[in-house]
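Q: Generate a structure from the sequence data that follows.
(chains A and B)
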2 protein chains.
Amino acid sequence: MLVEVIHLGKGHPSPSLLPDAMLRQALAGLTSARSLSALQYRGAAQDTNFRSALAAFLTDRYGHQVSPAAVLPTSGISLTLAMACQVFAAAGDTVVCGDPTYFLATTIFKTAGMALHTVPVDAQGMVVEALEAALRSGLRPALVYCIPAYHNPAGVCLSPERAERLVDLAETYGFRILADEPYTLLHYGPAPPPCLMSLDRGRGRVIGLGSFSKLLAPGLRVGWLHAHPDLIAAFCAHGTLRSGGGLNPWMSAAVTALMEDGSLGAHVDRLRTTLSARMDVLTASLEAHLPDCTFQRPAGGYFLWTRLTSPIPDGVAVLSGSRCSPSGSCREQARLSVSLYDAPMLQEAVSRLADAARDSSALGRAR
Amino acid sequence: MLVEVIHLGKGHPSPSLLPDAMLRQALAGLTSARSLSALQYRGAAQDTNFRSALAAFLTDRYGHQVSPAAVLPTSGISLTLAMACQVFAAAGDTVVCGDPTYFLATTIFKTAGMALHTVPVDAQGMVVEALEAALRSGLRPALVYCIPAYHNPAGVCLSPERAERLVDLAETYGFRILADEPYTLLHYGPAPPPCLMSLDRGRGRVIGLGSFSKLLAPGLRVGWLHAHPDLIAAFCAHGTLRSGGGLNPWMSAAVTALMEDGSLGAHVDRLRTTLSARMDVLTASLEAHLPDCTFQRPAGGYFLWTRLTSPIPDGVAVLSGSRCSPSGSCREQARLSVSLYDAPMLQEAVSRLADAARDSSALGRAR
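A: Residues are numbered from 1 along each chain as shown, chains lettered A, B, ... in the order given. Have a look, this model is predicted:
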């Protein structure tokens, strides 16, 4: 019998969580004037409907005042990172990343010709003290890339003290912070952690990168920039935006409609409930069946970062920690995700892991 | 009375030419399986439906065999140019542009940190002989950017001899050609000029950049790359594609449906008829009322490149030639477009230009 592999490491949403019908209805329901305006060449900054609706949505969800002038529609975080390297840095400049970090972000920075410098990540997020030591020793990065909320892969949040210190260091040493925040609004509890822009206080040091890939669907390619209006203006001077207009205006119009009528908020709350319940199942299952597997339970997002000492059987795939480590460390760790599978499949995956651990342990005793 | 300005230089399509209903129907009609697959993370190369449908569409329209392996969905030419600079060149490398050239392409190259070198454009397109002389003198570009068909702004096509020579030079001197081809399929006569890839012959020197911005709507942000499969693979290794998946998969799925059911072809033929008729009106009007205005009648596309010696009145705006010239020359020239206005408005614009010319001439005599 061919065993279907359970890809426990994949950060893809379940097909059942993709709001296909809702998105098609949003486009079908656009007024002709709005649709035609979004189908035309139009600069991203001119998309005032999106900017107003997003500012209202974020103000409500973040519990922090967000101005329409501080947000801009993009076509997702991956592209915005590549463009931000061209606008806020130059090829050859240094970008600081956590270790571990989002495993494909480093590929984007390499494509942009950036040099990488890493600092550790612990249970309170990026170790800002290690960054500070490197800065004191002469490191002069153009950018620091961090994932402040429900870190990919580590699941942790940047502590408030470190977050404050990070923005202060950016001001002192003249770098900018790329805050990759796609998971912030997927908090399991009642409130999300603060967005990093809430600590910017007009200093123009934080560039928040948001996305509807996790709130609606990855294939939409709609996201946002959240930054001081001067940085928004600098980003809009990128040649691609000058030439092509908005990065995804028609799709942004569909998302605007879903923000305006409250559908997005309701959908995000369903996602939060689902992801939180799945994480309960995954962590309870691991505790019951794999007592040697250690982890810190995340309070939101997609990922559980574990130390898995037993071998991974053929029927399960995980994202190995070393792939998330620019230095190739974290070899005993793995990223597990609750985004793709429902509770029974998560339990089945843990059961397969537990079987393999038992077999391996029996083999060890027999030797 | 406030006179509404006629923006005769703008390369925007008329709202009446944007197929809003057709696009919404294409999305509404997608099967659930196709829609869900396009809403998920999925690499651009995995979009086999788009690649097959586009290859068939281009093979039919170009009259030249295009393989699915030689095309890839993108989110339009502006972004693809920026990404191509990161994949096929490095910051600090030289890109050669025509003079004049598409006025916002140079902004994209500057954002990418490229150095510019210009060669003239005449009635047979980019003066490849001038490029060859510069190469013999030691110029070593990474990229040559050209607009082979219905040039923006010059309206001309690259002659077959120069096109052949250009690809040969790319092979000899080791550069790649960014062939910006958004207007090729908007030919007024029965057949388009050859796409530059038809001369590549497996050498991997030509990177064709196509777009649905002119064939459907700019706000869709869907285009394509047309190049040797090895170059397609190199482009897919860009960090943004590795991380975000396809550049605009859900929109690409809508366009795929319109290619498959023949709607796109029928729409493009309507556009060709409309643009050709408008160009007839514009050129006849200029010949009748502004005999001093000289131009070469284009055989396709959006733009008429003119020498306008009389002053431009307040009621008309044109794109001044100097904005299209990286060297700031072409001061007596202007780009006029037939994309935005219908025949009566084009005639009204020429009438205003003629009035201004007459007033200026009378003033000249009175002095």
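
Q: how many other residues sit next to residue A:131?
A: Number of residues near residue A:131 (other CB atoms under 10 Å in any protein chain shown) recorded here: 26. All C-beta atoms are positioned from the backbone trio N, CA, C, and that covers glycine.

Q: ugh, typo on my part, it should be residue A:129
A: Counted with other CB under 10 Å, residue A:129 comes out at 12.

Q: And residue A:80, by the same measure?
A: Using other CB under 10 Å, residue A:80 is surrounded by 28 other residues.

Q: Secondary structure element holding it?
A: Assigned by DSSP states H and E, residue A:80 belongs to helix A:77-88.

Q: helices or strands next to that helix in the packing?
A: helix A:105-111, strand A:143-146, strand A:176-180, strand A:206-211, strand A:223-227, helix A:229-236, helix B:77-88, helix B:239-244 (3 or more CB pairs under 8 Å, 6 or more residues apart in numbering or on different chains; DSSP states H and E).

Q: want to throw the ones you listed into CSV with distance to residue B:222?
A: Rendered in CSV, the data for the helices and strands packed on helix A:77-88 read as follows (distance: least, CB to CB, whole Å):
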stretch, distance to residue B:222
helix A:105-111, 22
strand A:143-146, 29
strand A:176-180, 26
strand A:206-211, 20
strand A:223-227, 18
helix A:229-236, 22
helix B:77-88, 11
helix B:239-244, 15
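
Q: Adding mean pLDDT, write these out as JSON lines.
A: As requested, those are exported to JSON lines (pLDDT from 0 to 100):
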{"stretch": "helix A:105-111", "mean pLDDT": "96"}
{"stretch": "strand A:143-146", "mean pLDDT": "98"}
{"stretch": "strand A:176-180", "mean pLDDT": "98"}
{"stretch": "strand A:206-211", "mean pLDDT": "98"}
{"stretch": "strand A:223-227", "mean pLDDT": "98"}
{"stretch": "helix A:229-236", "mean pLDDT": "98"}
{"stretch": "helix B:77-88", "mean pLDDT": "97"}
{"stretch": "helix B:239-244", "mean pLDDT": "93"}
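
Q: Nearest to residue A:193, out of these?
A: Residue A:193 lies closest to strand A:176-180 among these, at 11.4 Å (CB to CB).

Q: Strand partners (parallel or antiparallel) of the helix or strand that comes right after the helix holding residue A:80?
A: The helix or strand immediately downstream of helix A:77-88 is strand A:94-99, counting by DSSP H and E. Strand A:94-99 has its sheet partners listed here by DSSP bridges as strand A:115-122 (parallel), strand A:143-146 (parallel).

Q: Quick check: residues of the stretch 201-350 of chain A near chain B?
A: By CB under 8 Å from any CB of the partner chain, the residues of the stretch 201-350 of chain A that approach chain B are A:213, A:217-221, A:237-251.

Q: could you pull out the strands for the stretch 201-350 of chain A?
A: Using DSSP state E, counting those that start in this stretch, the strands found in the stretch 201-350 of chain A span residues A:206-211, A:223-227, A:294-295, A:303-307, A:316-317, A:319-320, A:333-337.

Q: Can you give me the pLDDT of residue A:2?
A: We have a pLDDT of 56 for residue A:2.

Q: ok, now residue A:364?
A: 73.

Q: Quick check: which element contains it?
A: helix A:343-366.

Q: Enumerate the positions of that helix that are buried.
A: Neighbour counts over helix A:343-366 (16 or more other CB atoms under 10 Å in any protein chain shown) mark A:345, A:346, A:347, A:348, A:349, A:350, A:352, A:353, A:354, A:356, A:357 as buried.

Q: Closest to chain B out of these?
A: Proximity of the buried residues of helix A:343-366 to chain B (CB to the nearest CB) peaks at residue A:345, which lies at 16.9 Å.
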